[in-house]
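1. I would like to see how this sequence folds:
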Amino acid sequence: MESWNHSFKVEAVHGERFLTRADAKHQVFDWFEVYYHRKRLHSQLGYLSPEAFETKKIAESSVYKIRARSILP
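-> Below you'll find the predicted structure:
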């Protein structure tokens, strides 16, 4: 958890000067939803971004289903 907190502080808010609370909330939301959850590489996902990991899993699942159908009578 401490590593995550450090990443968040350094990548999202360190050195930023926000004029309003709304600006700060917008920056935090963008970091989570646009960068962290979609683009940032995650060690738990084999150093893939969540988008790439999901695409890979969907492709693997589709190939598995096609193979299963071709094997079954």
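
2. what lies in contact with stretch 11-28?
-> Residues outside stretch 11-28 that contact it (CB atoms under 8 Å, 6 or more residues apart in numbering): 31, 35. All C-beta spots, glycine's among them, are computed from the backbone N, C-alpha and C.

3. which of the residues in that stretch are buried?
-> When neighbours are counted by 16 or more other CB atoms under 10 Å, the buried residues of stretch 11-28 are found to be A12.

4. how far does that stretch stretch from start to finish?
-> Stretch 11-28 has its terminal residues 10 Å apart, counting by CA to CA, to the nearest Å.

5. quick one: mean pLDDT over that stretch.
-> Confidence over stretch 11-28, taken as the mean pLDDT, stands at 89.

6. and it, how far from the chain's centre?
-> Mean-position distance between stretch 11-28 and its chain equals 20 Å (CA atoms, centre = their mean, to the nearest Å).
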